[in-house]
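Asks: The following block contains a protein sequence and its predicted model.
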Amino acid sequence: MDKVFAIYSRKSKFTGKGESVENQIEMCRDYLKMHFGEEEAEMAIVFEDEGFSGKNLDRPQFKEMMKAIKDKKICAVVCYRLDRISRNIGDFATLITELNAIEVGFISIREQFDTNSPMGRAMMYIASVFSQLERETIAERIRDNLHELAKTGRWLGGTTPTGYVSQGEETVNIDGKKKKAFHLAEKEDEKELVKLIFSKFKETDSLTATEAYLLEHNFKTKNGKDFTRFSVKSILVNPVYMIADNDAFKYLTDCGVELYSDESEFDGVHGIMAYNRTHQEQGKATKIKPMDEWIVSVGKHPGFISGADFVAVQNMLQRNQSKAYRKERSHTALLSGILKCGNCGEFMRPHMTQRVNKDNELTYYYSCNLKLRSKKSRCDGKNANGNEIDKKVIEAIKALDLNGDDYFTSLKKTLSQNEIEKNDSESEASKLQEEIEQAEKDIQKLVDSLTGSGGAEKYILQRIDELGKKANNYKARLETLQSDNRELFDRINAVDLMKDLIKHFANNVDSLSIEQKRLAIRTFVKEVIWDGEYAHIVFFGGEYDDSLSKIVKTPENPDDNEDFYPSGTHRKRAFNALPSNEKTRGRRFPRRHY
């Protein structure tokens, strides 16, 4: 399909007058006819958000348009006026930058803003400059405020650190107005946990060992979750726990932080408050900024860890960074990311050995991630022989080509049950469409009646707003139904395609690279669950019918009863497999979904 123009229109309120969405669309079509021809104007895809504010980009049709743009279906976006896209210059400049990066044009009729022309691109850069200026001004204002706040040692809010609770104090200023300021107060049970974590890390000099200790003794984070190395480290590096003493003052001064407390204020009692310490971005992990960007003062809260101990822990972490934990990578294992431990439900991770098997292959095994992290205290599931379980999964997929009639008949039968749901869904969709059309007619009647309303405008506008919200709800439900219907249709039609793919896989698997085998397996297999004796393979479609799953018997890893990181001689074990037509229903392994 060739790329087409997208027409976008938006209006905050439902109305048929002035710059209504219909008028905006018509003007955009006229512009396209004049500059690009009638055919382009008629083929343009329309996206309209009526009843949505321009203060942000959180609008359903706008999101649909951006999806079409990312799918490379759109050559340019056309709108009547810039503020139809956004009233926020930062959002607008970000959008223009994004469109420019994927070579999609932007045209605004009123302002004659066309990024396909030199003048349009110049305007784009001007908008970007203003946006950058706005961001820098805001950042500078925030930093000035942080400087003032640092002098008070206040807690600014958010998730309180482990060991503390937030308490408010109400004060009355010179004008008689009440203000509430917050500070941290210690929480005794969590305080002892923080001290334990620092003590255990100093004793073991290891994040992994500290994590294992906390898991073994069932300590939980503030949110009730198991500790990880990362949650342990986040506590160890947080200066809020450091007692403001002479060692703390020297450490902070040597690290070049902006210090807003005199040395005399380091009283050996209170803790450290660090502002501007982290960078937080929606959808991304929080990052700690360099210390020379921090704004630091002595807080009003008590510290838990002496300056000397806190500094010693930071030095240990820094020293260990070069030998920090790195995820083991296997260039041979095929089931990473889909193999789960049947004992606890955690993923199993591959580990290479230095030995070879009878086929002269370097051997490897899969071990439960929770078992490794807790050093067997939380899970003691058996390891899986990596070479064998990978082969058995491939054999099970190849067997679908030989004995696939039962599989595909069952799959098609299961999926065809969705036809009933599809018909019901289509019936509901038809009724929703009728409701939408009726609501839009009622809105139009009310709009037309505004002229001679005789003082009833407020009631009419309120009714229009109610009908508009109802119509939007109907449209949202209709979109969901249509999407579900498309998915059901695709599933049913995918059966024939799956047959071809499995046949191709069976004939060519031996010539595929490791990465190609991994991708192929993920095409057919949803997950593999290892119970210590059997590998339970769930093919896509198996979530609907157990007959689409399969169990194969696989030898466990021979090193399972040896050291935590096994070594020693490879011991061979007998290998057996269930017949290829063996079903899961009522067998050894219970049905599970995680």
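Replies: That came through fine. Computed from a predicted structure; not experimentally measured.
Asks: So which bits of the helix or strand where residue 67 lies are buried?
Replies: Counting by DSSP states H and E, the element that carries residue 67 is helix 60-70. Residues of helix 60-70 classed as buried by neighbour count (16 or more other CB atoms under 10 Å): 61-62, 65-66, 68-69. Using the backbone N, CA and C atoms, a C-beta is placed for each residue, glycine as well.
Asks: wait, which of these is closest to residue 475?
Replies: Within the buried residues of helix 60-70, distances to residue 475 taken as CB to CB reach their minimum at residue 61, with 9.4 Å.
Asks: Residue 471 is in contact with residue 436, isn't it?
Replies: Yes. At 5.5 Å, residue 471 counts as touching residue 436 under the criterion of CB atoms under 8 Å.
Asks: Of the two, which one has the most company?
Replies: Taking other CB atoms under 10 Å, residue 471 and residue 436 do not tie; residue 471 has more neighbours (21 against 18).
Asks: contacting residues for the spatially closest residue to the more buried one that is not a sequence neighbour?
Replies: Taking CB to CB, 6 or more residues apart in numbering, and ignoring the residues beside it in sequence, residue 471 has residue 439 as its nearest neighbour in space, at 4.1 Å. In this structure, residue 439 makes contact with 467-468, 470-471, 474, judged by CB atoms under 8 Å, 6 or more residues apart in numbering.
Asks: and the residues you listed as TSV, adding pLDDT?
Replies: Below are the contacts of residue 439 laid out as TSV (pLDDT from 0 to 100):
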residue	pLDDT
467	81
468	79
470	82
471	79
474	80
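Asks: Weed out the non-buried ones from the residues you listed.
Replies: Using 16+ other CB under 10 Å as the threshold, 467-468, 470-471, 474 are the buried ones among those.
Asks: which ones among the residues you listed are found in helices?
Replies: Secondary structure from DSSP state H places 467-468, 470-471, 474 of these in helices.
Asks: The closest residue to residue 381 other than its chain neighbours: what secondary structure?
Replies: If the residues on either side of it in the chain are set aside, residue 381 comes closest to residue 343, at 3.5 Å by CB to CB, 6+ apart. Look at residue 343: counting by DSSP: H, G, I helix; E, B strand; the rest coil, its state is coil.
Asks: ok, residue 343 touching residue 380?
Replies: Yes. With contact defined as CB under 8 Å, residue 343 and residue 380 form a contacting pair (7.3 Å).
Asks: re the thing from before, residue 456: which of the contacts of residue 439 is nearest?
Replies: Among the contacts of residue 439, and counting by CB to CB, the member closest to residue 456 is residue 467, at 15.5 Å.
Asks: so who does that closest one touch?
Replies: Neighbour list for residue 467: 14, 439, 442-443, 446 [criterion: CB under 8 Å, 6+ apart].
Asks: what number of residues lie near residue 289?
Replies: 12.
Asks: I should have written residue 264 there, sorry.
Replies: Residue 264: 8 neighbours (other CB under 10 Å).
Asks: Spell out the secondary structure type for it.
Replies: Classification of residue 264 using three-state DSSP returns helix.
Asks: go on, residue 224?
Replies: Under three-state DSSP, residue 224 comes out as coil.
Asks: same check, this time on the one 10 residues further on
Replies: Secondary structure state of residue 234, per three-state DSSP, is helix.
Asks: where does it land on pLDDT?
Replies: Listed pLDDT for residue 234 reads 91.
Asks: Could you do residue 35 as well?
Replies: Here the pLDDT value assigned to residue 35 is 87.
Asks: Can you give me the distance of it to residue 24?
Replies: Between residue 35 and residue 24 the distance, using CB to CB, to the nearest Å, works out to 17 Å.
Asks: of the two, who's got more company?
Replies: Set residue 35 next to residue 24 and count neighbours by other CB under 10 Å: residue 24 wins out with 24 against 13.
Asks: Now do the contacts for that one.
Replies: Taking CB under 8 Å, 6+ apart as the contact definition, residue 24 lies against 9-11, 79-80, 84.
Asks: Now the helix holding residue 67 - C-alpha only, CSV.
Replies: Listed in CSV are the C-alpha atoms of helix 60-70, where the atom choice follows Å, rounded to 0.1, in the frame of the first residue of the first chain:
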residue,chain,number,x,y,z
PRO,A,60,-7.4,8.0,21.2
GLN,A,61,-7.4,9.1,17.5
PHE,A,62,-4.1,10.9,17.8
LYS,A,63,-2.6,7.7,19.2
GLU,A,64,-4.1,5.7,16.2
MET,A,65,-2.6,8.2,13.8
MET,A,66,0.9,7.9,15.5
LYS,A,67,0.6,4.1,15.2
ALA,A,68,-0.2,4.4,11.5
ILE,A,69,2.8,6.7,11.1
LYS,A,70,5.1,4.3,12.8
